[in-house]
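Colleague: let's see this in three dimensions:
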Amino acid sequence: MKILLKLLKQTANIIVLSFLMVNIMNTASNSLIAAEFQKGMCYATWDKDSFGTPQSEEALKMLKNMGVEYVQINVTEYQNTYNSTTIKATDLTPSVESIKTAIKVAHKLGLKVMLKPHIDLIDNVDGTYWRADIGFNTEEDWQTWFKQYEQFITKYARIAAETNTEIFSVGTELSFTTQRSDHWKNIIASVKKVYNGKLIYAANWDEYRQIQFWENLDYVGIDAYFPLTYKENPTIEDIKQGWEKWRIEIETFATEVSKPIIFTELGYASTLTAASEPWANAKTGNADTILQANCYKAFFETIWKCPWLKGVYWWHFSPTVNGGGINNRQFTPLNKPSADILKQHYTDRTSSINAGLTKEIDSKFDMLNKKTSFNKDGLYSIKEKKDKDRKINN
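Modeller: Numbering: from 1, shown residues only. This is a model prediction of the structure:
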């Protein structure tokens, strides 16, 4: 009888433990399911007043019409070099007044807001250093920088609190500094003292798995500039195949972290290297809006409906409705085929395809492809241009 009672007690304990584990797993799963999907756009300027202009309001209206529901306000302050310990606003930093105006207008239009401060380097030394390299040789310098960073980030956290901003980013792509997890936990605690909304950190694509403070935040943020293919003139299938490795990696990570995952940045310049170096700015060379659009398509056809993804913010839109276009090499989707692709999926995420809009987009692609057959600068690849020049010279 004693043995039977002991077995029954052990069985009861196993049942209770199993019940608790199922509840814990269901709670985590339900929190991920309940997270609202963020159809976002990064909204950036390097001007003091642009966020506060009538043109900015028109740009936000355009984003609303494209199906954007979350706008990410990007604000940049600076330090001189990667090992400087002073962070400061410059003439390229949007004013506090203009930031508040942009958030107010976005809310008036029914858009939700993420405020995401950045740090950039004024002097990147040999051209290779950037914010991910910020770091120091002495403990004294580390302490000084983190005190500066706390002042910097809590200033914007207060703005987020005053404007009822829905989400606040505590940092962006500061890969070397995030190895100091205890310092970052202190930063997050300081932010929580002045702001009680949702918090995120925007990790670089090669950084997110090393972060040790995700449990202190509401979301995992990834600036998703994953290299997809090194093929010259890649097809959509080449680009889609390039996502497979990263999809599996993130999916595995998602089961470990049990947090909603947001692509805090994703974008492609209109260049020939968009799929191989998605992070690269386009300073020279020919525009390639077709490749940019194909990169957009590949994302929407592979990652868009992954259950672990709870939002994406495209890089980027400026406070204007003018510019962009098929000769523009930059990241903006404005007046390019990629804007139509984005609108298609943002306005109809529940179905796999919007036939009418898809037909319109395909028609625009055909027209653009026909235009690229003409000898007009910026509308064909560098290889095609070299071939044409060779024929002319011969």
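Colleague: please make it C-alpha for all contacts and neighbour counts, starting now.
Modeller: OK.
Colleague: what's opposite the most centrally placed residue in the chain in the beta bridge?
Modeller: With distances taken as C-alpha atoms, centre = their mean, the residue of the chain nearest its centroid is residue 265 (1.1 Å). Counting by DSSP bridges, residue 265 is bridged to residue 223.
Colleague: go ahead and confirm it touches residue 222.
Modeller: Yes. When contacts are counted by C-alpha atoms under 8 Å, residue 265 is listed as touching residue 222 (6.9 Å).
Colleague: residues touching residue 257, list them.
Modeller: Residue 257 is in contact with 214, 215, counting by C-alpha atoms under 8 Å, 6 or more residues apart in numbering.
Colleague: what are the buried residues along stretch 169-181?
Modeller: 169, 170, 171, 172, 173, 174, 175, 177, 178 (16 or more other C-alpha atoms under 10 Å).
Colleague: residues in contact with that stretch?
Modeller: 114-119, 131-135, 153, 184, 187-188, 191, 199-204, 207, 210-213, 223.
Colleague: now the end-to-end length of that stretch.
Modeller: End-to-end span of stretch 169-181 (C-alpha to C-alpha, to the nearest Å): 16 Å.
Colleague: circling back to that earlier point, in a markdown table: the buried residues of stretch 169-181, plus pLDDT and secondary structure.
Modeller: Formatted as a markdown table, the buried residues of stretch 169-181 follow (pLDDT from 0 to 100; DSSP: H, G, I helix; E, B strand; the rest coil):
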| residue | pLDDT | secondary structure |
| --- | --- | --- |
| 169 | 98 | strand |
| 170 | 98 | strand |
| 171 | 98 | strand |
| 172 | 98 | strand |
| 173 | 98 | coil |
| 174 | 98 | coil |
| 175 | 98 | coil |
| 177 | 98 | helix |
| 178 | 98 | helix |
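Colleague: redo those as CSV? Include distance to residue 344.
Modeller: Below are the buried residues of stretch 169-181 laid out as CSV (distance: C-alpha to C-alpha, whole Å):
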residue, distance to residue 344
169, 28
170, 31
171, 31
172, 29
173, 30
174, 34
175, 34
177, 39
178, 37
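Colleague: which residue ranges of the stretch 51-200 of the chain form strands?
Modeller: 70-79, 112-121, 167-172, 198-204 (DSSP state E, counting those that start in this stretch).
Colleague: check which helices and strands the last one sits against.
Modeller: Which is strand 198-204. Packing partners of strand 198-204 (3 or more C-alpha pairs under 8 Å, 6 or more residues apart in numbering; DSSP states H and E): strand 167-172, strand 219-223.
Colleague: mean confidence score for stretch 190-207?
Modeller: For stretch 190-207, the per-residue pLDDT values average out at 98.
Colleague: what's the answer for stretch 108-124, then?
Modeller: Computed over stretch 108-124, the mean pLDDT rounds to 97.
Colleague: I'd like the distance from it to the chain centre, please.
Modeller: Stretch 108-124 has its C-alpha centroid displaced from the chain centroid by 11 Å (C-alpha atoms, centre = their mean, to the nearest Å).
Colleague: likewise for stretch 100-109?
Modeller: On C-alpha atoms, centre = their mean, the centre of stretch 100-109 falls 20 Å from that of its chain.
Colleague: give the buried residues for that stretch.
Modeller: Buried, per 16+ other C-alpha under 10 Å, within stretch 100-109: 100, 101, 102, 103, 104, 105, 106, 107.
Colleague: nearest to residue 316, of the strands of the stretch 51-200 of the chain?
Modeller: Counting by C-alpha to C-alpha, residue 316 lies closest to strand 70-79 out of the strands of the stretch 51-200 of the chain; the figure is 9.4 Å.
Colleague: just the buried ones from the contacts of stretch 169-181?
Modeller: Looks like the contacts of stretch 169-181 have 114-119, 131-135, 153, 184, 187-188, 191, 199-204, 207, 211, 213, 223 buried, using 16+ other C-alpha under 10 Å.
Colleague: picking up where we left off before, make JSON lines out of the helices and strands packed on strand 198-204 and add distance to residue 75.
Modeller: Formatted as JSON lines, these follow (distance: least, C-alpha to C-alpha, whole Å):
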{"stretch": "strand 167-172", "distance to residue 75": "11"}
{"stretch": "strand 219-223", "distance to residue 75": "16"}
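Colleague: isn't residue 311 up against residue 263?
Modeller: Yes. Contact status for residue 311 versus residue 263: in contact at 6.1 Å, counting by C-alpha under 8 Å.
Colleague: what segments of this protein are helices?
Modeller: Applying DSSP state H to the chain gives helices spanning 2-34, 54-65, 96-108, 139-162, 181-194, 236-257, 289-302, 337-346, 355-371, 382-393.
Colleague: now do the buried residues in the fourth one.
Modeller: Residues of helix 139-162 classed as buried: 142, 145-146, 149-154, 156-161 (neighbour count, 16+ other C-alpha under 10 Å).
Colleague: give me the contacts around it.
Modeller: Taking C-alpha under 8 Å, 6+ apart as the rule, helix 139-162 contacts 84-87, 96, 100, 115, 117, 135-136, 166-168, 170-171, 183, 187, 190-191, 194-197.
Colleague: how distant is that helix from the center of its chain?
Modeller: Put simply, helix 139-162 sits 22 Å off its chain's centre (C-alpha atoms, centre = their mean).
Colleague: the third one now?
Modeller: When distances are taken as C-alpha atoms, centre = their mean, helix 96-108 is centred 20 Å away from the chain's centroid.
Colleague: who are the packing partners of it?
Modeller: Packing contacts for helix 96-108, counted by 3+ C-alpha pairs under 8 Å, 6+ apart, involve helix 54-65, strand 70-79, strand 112-121.
Colleague: what angle sits between that helix and strand 112-121?
Modeller: Using axes from the mean of the first three to the mean of the last three C-alpha atoms, to 10 degrees, the direction of helix 96-108 lies 150 degrees away from that of strand 112-121.
Colleague: contacting residues around helix 96-108?
Modeller: 48-52, 56-57, 60, 71, 73, 112-113, 159, 163, 165.
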